[in-house]
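**Q** Structure for this input, please:
(chains A, B, C and D)
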There are 2 protein chains.
Amino acid sequence: MTVTIYDVAREAGVSMATVSRVVNNNPNVKPQTRKKVFEAIERLGYRPNAVARGLASKKTTTVGVVIPDISNSIFSEVARGIEDIANMYHYNIILCNADKRKEKEIRVVNTLLEKQVDGLLFMGGTVTDEHLQAFQSATVPIVLCGTTDEKQTMPSVDIDHEKAAYDAVKMLIDNGHREIGMISGTLQDLSNGYSRYAGYKKALEQAGIPLREEYVRIGNYRYESGMEVMRYFLELPNRPTAIFSATDEMAIGAIHAIQDQGLRVPDDISIISVDNIRMASMVRPQLTTVAQPMYDIGAVSMRLLTKLMNKETVDMTRVVLPHELIRRKSVAAKA
Amino acid sequence: MTVTIYDVAREAGVSMATVSRVVNNNPNVKPQTRKKVFEAIERLGYRPNAVARGLASKKTTTVGVVIPDISNSIFSEVARGIEDIANMYHYNIILCNADKRKEKEIRVVNTLLEKQVDGLLFMGGTVTDEHLQAFQSATVPIVLCGTTDEKQTMPSVDIDHEKAAYDAVKMLIDNGHREIGMISGTLQDLSNGYSRYAGYKKALEQAGIPLREEYVRIGNYRYESGMEVMRYFLELPNRPTAIFSATDEMAIGAIHAIQDQGLRVPDDISIISVDNIRMASMVRPQLTTVAQPMYDIGAVSMRLLTKLMNKETVDMTRVVLPHELIRRKSVAAKA
DNA sequence: CTGTTAGCGCCTTCAG
DNA sequence: CTGAAGGCGCTAACAG
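**A** As a prediction, this is how the structure comes out:
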């Protein structure tokens, strides 16, 4: 039925080993023999069985990727970075959505490991001890991608979320704002939630601006959530003159909530956030934001993983990528 | 080093066959024995090797997905639909970006087949004879997802692009517009390009509106491209009163091009398109568009694939999903 | 440069 | 209900 390496060997009048060699580009084959083998392969329409190869060689040339949600543009851009580099090094990607749910995350890590992936890229919510335990049961390298574990024990690639948030809020302050509201993510979420809130807090402190409880509200990262929180701010007796949103999507929701009230951004209220999703430059006014290099986070973490899989010695096993303030049109000096 | 089924057998005092049975949930095992085996598994931290299993059973419980670009929100939503259903049936997904480039598409199809996927989902540009040839060399089922082959020979799941476009343009006409410009995709692209153009043409014809060459321009599906084409329309001596864009992203570009000129949508110019990406409801005015059920296209095609892989007999091997006109704020009656 | 020979870890008849 | 034995298709020493 299916043609195997054995069939090719017989057809070419050589041994299986020789066929294996030419298929794997082993130089130790006489050009003439190589040619014979190739012809036999062609004639028979032979296609190497990667599963058998994986079993014999203990390498599958595939890496597992656990991702919160591929339909979310932030992650899908990271995924593209991962895939491009993986491709470049001849790896394939098994992709699993885990929705930042711990049980699911751990479950897919295990099935990925069962599939004998050569390495694992983990993008998720908070990394708990249970995660760490699952990771430790692996014999292949794992790198965190867009997250970190609190104890800083795993290889990882991420930005400095706190600093990114700090820079954003600092810009607002430098523009004369002192009533600065924040649309935050849940503080349970270390990177997008807690760290960005911490950056906000720090910037205020450093400017001697007291933190006001009523100026901080938690959203769920979605557009609608940004609108809701903004409506709340708008009804405050002394509403903020500027808003820092933990993510672009909520910021865009906020912009529209403001505009829907007949107010203007940035004339009446300034807005800044973190992420720089594509949409940020597709709204009016275009959103000023701190860019997080999504594609690079994916690409760099995949590159790091290849090194680890190759057992190369790598000095920087925890890389922090730079962020960048993108000045567009949603921030103005306080009137 | 790694613990195998053999180790578990020894530890539990049974044969490999028995361990295999309990791992695979075969009912023919005495509960007591089953318990013993589970304990041994636990004690040893045994993790089944899916590669070995795949080789022996000739099933990998993974399916290949070739996709144009995972970072494009249209496709990433389809991908999410695929993954959810795959997950439900205990399949994993190997994801490959192919950028609608024929060579790359064919190459990844082959490597996916080498990896012994149990089935393949193909999302791509035009399906050529070379594609068909690659598909035919497969012994596993393949379904086209969001595309079709001209000869209608492959299983597929898609919408009726021509009808979707027709419905969109019809709405413009019903609103009294007769000067209708189109921002098209390349006519080489069967589904998003040619078919949508065909729908536009048909709607005009049916309304007795002559097709004007200067009212059709080709874009590349991106935001900027929509802006550019719109700027061109705006400078026409008798500019269109309504625009049909082949995709939402270009439509949004067009809206902003119009607004940047100080004109208003839909008061001065109406806009409609096809897709219904998330952003469509996040711009002002919110975009009226014909919704393409991205998630469902993915989910349904994956479901179809499971049936095919199961060798179930399926009557409808070519499914056309319904589209739906979403009336929002970017279309108004002609002044 | 090429062939022989063991496995890789598991499933799957076939007996018992 | 359980065990024995033969592969699945390929790689990797080890000889020659």
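
**Q** Put the alpha carbons of stretch A:5-21 into CSV.
**A** C-alpha atoms of stretch A:5-21 as CSV (Å, rounded to 0.1, in the frame of the first residue of the first chain):
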residue,chain,number,x,y,z
ILE,A,5,12.1,3.1,2.6
TYR,A,6,12.5,-0.6,2.1
ASP,A,7,10.6,-0.5,-1.2
VAL,A,8,12.8,2.3,-2.4
ALA,A,9,15.9,0.3,-1.4
ARG,A,10,14.8,-2.7,-3.4
GLU,A,11,13.9,-0.6,-6.4
ALA,A,12,17.2,1.2,-6.4
GLY,A,13,19.2,-1.9,-5.6
VAL,A,14,20.7,-0.5,-2.5
SER,A,15,20.2,-0.9,1.3
MET,A,16,17.7,0.9,3.4
ALA,A,17,20.6,2.6,5.1
THR,A,18,21.7,4.2,1.9
VAL,A,19,18.3,5.4,1.1
SER,A,20,18.1,6.9,4.6
ARG,A,21,21.3,8.6,3.9
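
**Q** Point out the residues in chain A that sit beside DNA strand D.
**A** A:2, A:4-6, A:16-17, A:20, A:23-24, A:46, A:48-49, A:52-53, A:55-57 (Cβ under 7 Å from any atom of the strand). Heads up, the C-betas are built off the backbone N, CA and C, glycines and all.

**Q** mind listing the strands for chain A?
**A** When assigned using DSSP state E, the strands of chain A occupy the ranges A:62-67, A:92-97, A:119-122, A:142-145, A:156-159, A:180-184, A:216-218, A:242-245, A:270-275, A:288-291, A:318-321, A:324-326.

**Q** ok, back up a step: ok, of the residues of chain A next to DNA strand D, which come out buried?
**A** A:T4, A:I5, A:S20, A:V23, A:Y46, A:P48, A:N49, A:A52, A:R53, A:L55 (16 or more other Cβ atoms under 10 Å in any protein chain shown).

**Q** What about those, which are in helices?
**A** A:I5, A:S20, A:V23, A:A52, A:R53, A:L55 (DSSP state H).

**Q** pLDDT for those - can I get that in JSON lines?
**A** Shown next, in JSON lines, are those (pLDDT from 0 to 100):
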{"residue": "A:I5", "pLDDT": "93"}
{"residue": "A:S20", "pLDDT": "92"}
{"residue": "A:V23", "pLDDT": "92"}
{"residue": "A:A52", "pLDDT": "96"}
{"residue": "A:R53", "pLDDT": "96"}
{"residue": "A:L55", "pLDDT": "95"}
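
**Q** Who are the contact partners of A:M171?
**A** A:I272, A:T288, A:L325, A:V331 (Cβ atoms under 8 Å, 6 or more residues apart in numbering or on different chains).

**Q** A:L325 versus the last one, what's the distance?
**A** Between A:V331 and A:L325 the distance, using Cβ to Cβ, to the nearest Å, works out to 10 Å.

**Q** Of these two, give the one with the bigger neighbour count.
**A** Neighbours per residue (other Cβ atoms under 10 Å in any protein chain shown) separate A:V331 from A:L325, with A:V331 holding more: 24 against 16.

**Q** So which bits of the stretch 51-200 of chain A are right by chain B?
**A** By Cβ under 8 Å from any Cβ of the partner chain, the residues of the stretch 51-200 of chain A that approach chain B are A:51-52, A:54-55, A:60, A:62, A:69-73, A:76-77, A:79-80, A:83-84, A:87, A:92-97, A:110-116, A:137, A:139.

**Q** ok, back up a step: near DNA strand C, from the ones in helices among the buried ones among the residues of chain A next to DNA strand D?
**A** Counting by Cβ under 7 Å from any atom of the strand, the members of these near DNA strand C are A:A52, A:L55.

**Q** which one of the ones in helices among the buried ones among the residues of chain A next to DNA strand D is nearest A:G146?
**A** Closest approach between those and A:G146, by Cβ to Cβ: A:R53, at 32.0 Å.

**Q** contacting residues for A:S71?
**A** B:S73, B:S76, B:E77, B:A79, B:R80, B:Y295.

**Q** mind redoing it with 6 Å?
**A** The contact partners of A:S71, by Cβ atoms under 6 Å, 6 or more residues apart in numbering or on different chains, come to B:S76, B:E77, B:R80.

**Q** Equivalent analysis for A:F233, please.
**A** Contacts of A:F233 by Cβ under 6 Å, 6+ apart are A:G181, A:R239, A:P240.

**Q** And the pLDDT at A:E150?
**A** Note on A:E150: pLDDT of 87.

**Q** for it, what are its contacts?
**A** Counting by Cβ under 6 Å, 6+ apart, A:E150 has no contacts.

**Q** Count the neighbours of the residue in the stretch 151-300 of chain A positioned nearest to DNA strand D for me.
**A** Here the residue of the stretch 151-300 of chain A nearest DNA strand D is A:P155; by Cβ to the nearest atom of the strand that distance is 25.3 Å. By the criterion of other Cβ under 10 Å, A:P155 has 20 neighbours.

**Q** will you turn the contacts of A:M171 into CSV that also has pLDDT?
**A** Formatted as CSV, the contacts of A:M171 follow (pLDDT from 0 to 100):
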residue, pLDDT
A:I272, 98
A:T288, 98
A:L325, 97
A:V331, 97
